[in-house]
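[1] below is the structure, and that's it, no one-letter string:
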C-alpha cells in the first residue's frame, strides 16, 4: 500500500527530478516508510512507500525488470503473487526479493500488460516501457485502489490522489459543474469525472496506454456478470462453496510481514472475517467505533454496535479496542475528512476516519467486510421494491427513485444559483444512471430475478466503488492498509453464479404473493431482512445465532439527532454566514430551508446537510486554498 505519481510530457520536454518530487510530496501520508523516484527525459515516476511485504530495501520502488525493459510503481497488494512467482520461475525468471512488486514487473517482462488480468488483489499500477516509450496505467477489477489523471494538450499527470495533481504548477483548479449536479443527485459520481475540471479517474478493470504521439487507448478487461446463474447448483452446494472460498480469501489476505488486525462492527460480514482470521493468529487485534448515545433518540438509539462487537470479541478471544465518538468530534474531523477525500462520495464518513486512526496505532493492515452486501444481496428493501417491474422502462423509473439520495431533479432550480444552472444540464443525472445499465448488453428486464440481478450489477458498479474510495482515502490518511476478503477473485466469480433465490430467503414468498384476481397483495418490504441468506447459512459454525439473525445496520453516527442538538450551531455558522463560499453555486435560501426543516423535525435531511457541509469545505480548501492542519 503506497502512493504513486507520475508526469509524462507528451511534447518530449524533459521532466526534472525536482518536479516529480514536488508532485509526489502530498502523498506522504500514504507511504511514510520510504520514497523513490525515476526521471528520464520526458517521463518521471514517484513513489511513497508503506512497507507491508518484504519491508527491506529490496522491495523499494520504482522497480526495474531484470531485462531492463520495464519500470514499475505500484500501490496495493497481490494475494496470488506466490503462485505467479512460481509460474514465472518455471519460465526462467529469478527473484531477489519476496515482494509482490517484483512479481508484477517480471510478469510484465514475460507477458506484457495482459499480465494485469492475472492478478488477484487490489492495485493501481503505472508501468513505463523503456523500449517502446509507452506508459501503461491500470487498476484492479473492483476499483479498490484509486488512480486519477489529468491530460492536457502536452502532458499527462497521474496520481493516487488528486492533491498530487494539484501540486503541478500548470494545473489550475476549476469546479466541474456537471459533477456537482451529479453529486447533489446521488451523493455519488457514476461517471469517472471528478469535482475538479479536467481530472478523471481511471475506471476499474481498465488499462490505458499513452504514447508520445498523444495517443490514449483504454482497454476494459473485466466486468461483473450476474446474468448467468448456475441453475443446477443446490442450496447446500452454494452454502459449502461460499464457506470454503471465504475461508480461502481471508487466509490469502492475512499474508503480511507486519501486524494484521480486523474491524469488528458487530455485524455478520466483519464477524465472519474476524472469526476466520482469529484462527490464524494467537490473538487477533480488532477495532470498533461506537457513539455517545446520551442525547440520541428514535431509531438512532440502536446505532451503537459496541455491545455486539464486545460479545464477538469475547467469543473469538481477540484483543479488542474501541473508539467512542461524540457529537463534538464531528466539527474537528470534517475539514480533515474533506481534505483527504477530495473526490466527494457516499456516506457520512467521519467515523471511518476515526476508526482507521485508532487501528493504525496498533497494526498496519486491517481486514474489512465491505463487498458482502453487494455480492450476496444485502439490501432486500431495494430489490423487492422494483422486482415486479414489467419492462426496462418501468425498472429504470422505479429504481432511479432509490438513488436520488439528495435532491430530486425537480428541485434543482431551487438548489442551484442562476450562474450554476447555466453551466449544467439538470436532466443529465438520469441519463448517467441509465447508462450504467445500458453499458452492459447482457442485462435483461423480463423476470423478477433479472431485475434483482440488474440491481446487484448496478450497486456493485456504483455504490461499492465509492465505499472503497472513501475507505482507501480515510485509511491511508492514517497510513493504514485496508483489505477486503469478500473481493477475492474466486469468491466474486462464484458469488455471481449463485441464483438469486439463495441470496434472498423470501423471494419465492414475494413471487407468489397474489390474490385470486392476480393482483399483488400489499406487503411492507422494509419489514423483511432476508438478504445474504446463503452467506448466513454458510457462517453457522462460525458465528453466534444472535449475530446471524441480527437485523442489518450500516456503520453510521446518530447525526440526525446530533444535527438537531450540539452540532446545530456549527451547521448554521458554517453554511449561513457571510463567509460561506458555496453560496456561489448553491442558493443560501435553499440551504436555510433544509436546515430549518431538519431542526423542526419536518424531515430527516442528515445526508443533504452532510453534503452541503462537505462541499463548503471543498470550496474553502480547494478553491480558496484554506490550509487544514493536524491531519
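    Alright, I've got the coordinates. Every value quoted in this text rests on a predicted model; they were computed, and no experiment measured them.
[2] how much space separates residue 291 from residue 314?
    21 Å (Cβ to Cβ, to the nearest Å). Every C-beta, even on glycine, is put in place using the N, C-alpha and C of the backbone.
[3] out of these two, which sits in the more crowded spot?
    Neighbour count, other Cβ atoms under 10 Å: between residue 291 and residue 314, residue 291 has more, with 24 against 10.
[4] the more buried one contacts residue 328, doesn't it?
    No. With contact defined as Cβ atoms under 8 Å, residue 291 does not count as touching residue 328 (11.8 Å).
[5] joint contacts of those two?
    Residues touching both residue 291 and residue 328 (Cβ atoms under 8 Å, 6 or more residues apart in numbering): none.
[6] residues touching the residue most central in space within the chain, list them.
    Against the mean C-alpha coordinate of the chain, by Cα atoms, centre = their mean, the closest residue is residue 468 at 1.4 Å. The neighbours of residue 468, taking Cβ under 8 Å, 6+ apart as the test, are 142-144, 370, 484.
[7] how about a cut-off of 6 Å?
    143-144 (Cβ atoms under 6 Å, 6 or more residues apart in numbering).
[8] how about residue 378?
    531-532.
[9] confirm it sits in a strand?
    No. Secondary structure of residue 378 (DSSP: H, G, I helix; E, B strand; the rest coil): coil, not part of a strand.
[10] which parts of the stretch 451-600 of the chain are helices?
    489-497, 500-503, 507-511, 533-538, 545-548, 559-564, 568-575, 588-599 (DSSP state H, counting those that start in this stretch).
[11] least reliable of those going by mean pLDDT?
    Looking over these, mean pLDDT reaches its minimum on helix 507-511, with a mean of 68.
[12] so what touches stretch 228-241?
    Contacts for stretch 228-241 (Cβ under 6 Å, 6+ apart): 494, 497-499, 502, 534, 537-538.
[13] and for residue 311, the neighbour number?
    15.
[14] how far away is it from residue 320?
    For residue 311, the distance to residue 320 - Cβ to Cβ - is 10 Å.
[15] and for residue 462?
    On the measure of Cβ to Cβ, residue 462 and residue 320 end up 34 Å apart.
[16] and what of residue 169?
    In this view, residue 169 and residue 320 are 48 Å apart by Cβ to Cβ.
[17] quick one: which of the two has more around it?
    A direct count of neighbours by other Cβ under 10 Å for residue 169 and residue 320 places residue 320 higher, at 20 against 8.
[18] the closest residue to that one other than its chain neighbours: neighbouring residues, count only.
    With sequence-adjacent residues excluded and distances taken as Cβ to Cβ, 6 or more residues apart in numbering, residue 320 is closest to residue 313, at 3.8 Å. Using other Cβ under 10 Å, residue 313 is surrounded by 23 other residues.
[19] helices and strands of the protein: which one bottoms out on pLDDT?
    helix 507-511 (a mean of 68; mean pLDDT, DSSP states H and E).
[20] for the stretch 151-300 of the chain, what spans make up the strands?
    155-159, 199-201, 206-211, 215-220, 260-263, 285-291 (DSSP state E, counting those that start in this stretch).
[21] now the angle from the first one to strand 215-220?
    In this structure, strand 155-159 runs at an angle of 40 degrees to strand 215-220, with axes from the mean of the first three to the mean of the last three Cα atoms, to 10 degrees as the basis.
[22] report all helices and strands that strand 155-159 contacts.
    strand 2-9, strand 148-151 (3 or more Cβ pairs under 6 Å, 6 or more residues apart in numbering; DSSP states H and E).
[23] so which of those strands is the most packed in?
    Compared across the helices and strands packed on strand 155-159, strand 2-9 shows the largest average neighbour count, a mean of 26 (mean count of other Cβ atoms under 10 Å).
[24] so where's the chain shaky on pLDDT?
    For the chain, applying pLDDT under 70 flags the ranges 1, 214, 296-302, 509-529, 549-556, 630-631.
[25] tally of neighbours for residue 385?
    The burial count for residue 385: 17, using other Cβ under 10 Å.
[26] count the neighbours of residue 362 for me.
    Residues near residue 362, counting by other Cβ under 10 Å: 15.
[27] hey, what's the residue nearest to residue 283 when sequence neighbours are not counted bridged with?
    The shortest distance from residue 283 to any non-neighbouring residue, by Cβ to Cβ, 6+ apart, is to residue 319 (5.1 Å). Under DSSP bridges, the beta-bridge partners of residue 319 are residue 285.
[28] ok, now residue 209?
    With DSSP bridges as the rule, residue 209 is bridged to residue 136, residue 217.
[29] dump the helices and strands packed on strand 155-159 to TSV, plus distance to residue 279.
    Formatted as TSV, the helices and strands packed on strand 155-159 follow (distance: least, Cβ to Cβ, whole Å):
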stretch	distance to residue 279
strand 2-9	29
strand 148-151	39
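[30] which one, of the ones you listed, ends up nearest to residue 618?
    strand 148-151 (15.5 Å; Cβ to Cβ).
[31] list of residues touching the closest one?
    157-159, 162, 165, 198-201.
[32] switch the cut-off to 8 Å
    The contact list for strand 148-151 (Cβ under 8 Å, 6+ apart) reads 137, 156-162, 165, 168, 171, 194, 198-202, 208, 216, 343.
[33] distance from the chain centre to it, please.
    19 Å (Cα atoms, centre = their mean, to the nearest Å).
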